[in-house]
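Novice: What would the 3D arrangement of this be:
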Amino acid sequence: MSEDLKAELERLKAENEALKKSKPAKGTLSMKVSEKGALSVYGMGRFPVTLYKEQWLKLLGISDEIQQFIKDNDGRLKTKD
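Specialist: Predicted coordinates for the structure are as follows:
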């Protein structure tokens, strides 16, 4: 293996480690704008939760009702470990 190839491999390994460390810790929520202009929330599960702005605002507008529904149905709702 040439010296240039070895140097490039080491550089890529270092870059890979830096990227692994820069990922949010498991369970940490993060957000990003998708390619289609929607808001994606990462860290809730295997896949992001992606909604458009008006959908997020509509959902946030009933947050009190959602919390009350969760309280009212606490015995029937499961939690994810």
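Novice: now the strands for this structure?
Specialist: For the chain, the strands defined by DSSP state E occupy 30-33, 39-42, 49-51.
Novice: need the ones you listed in a markdown table with distance to Asp72, can you?
Specialist: Backbone N, C-alpha and C define where each C-beta goes, glycine included. Below are these laid out as a markdown table (distance: least, C-beta to C-beta, whole Å):
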| stretch | distance to Asp72 |
| --- | --- |
| strand 30-33 | 29 |
| strand 39-42 | 25 |
| strand 49-51 | 23 |
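Novice: Columns mean pLDDT on top of the ones you listed, output as JSON lines?
Specialist: Shown next, in JSON lines, are the strands of the chain (pLDDT from 0 to 100):
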{"stretch": "strand 30-33", "mean pLDDT": "96"}
{"stretch": "strand 39-42", "mean pLDDT": "97"}
{"stretch": "strand 49-51", "mean pLDDT": "98"}
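Novice: which residues does Glu3 contact?
Specialist: Not one residue lies near Glu3 by C-beta atoms under 8 Å, 6 or more residues apart in numbering.
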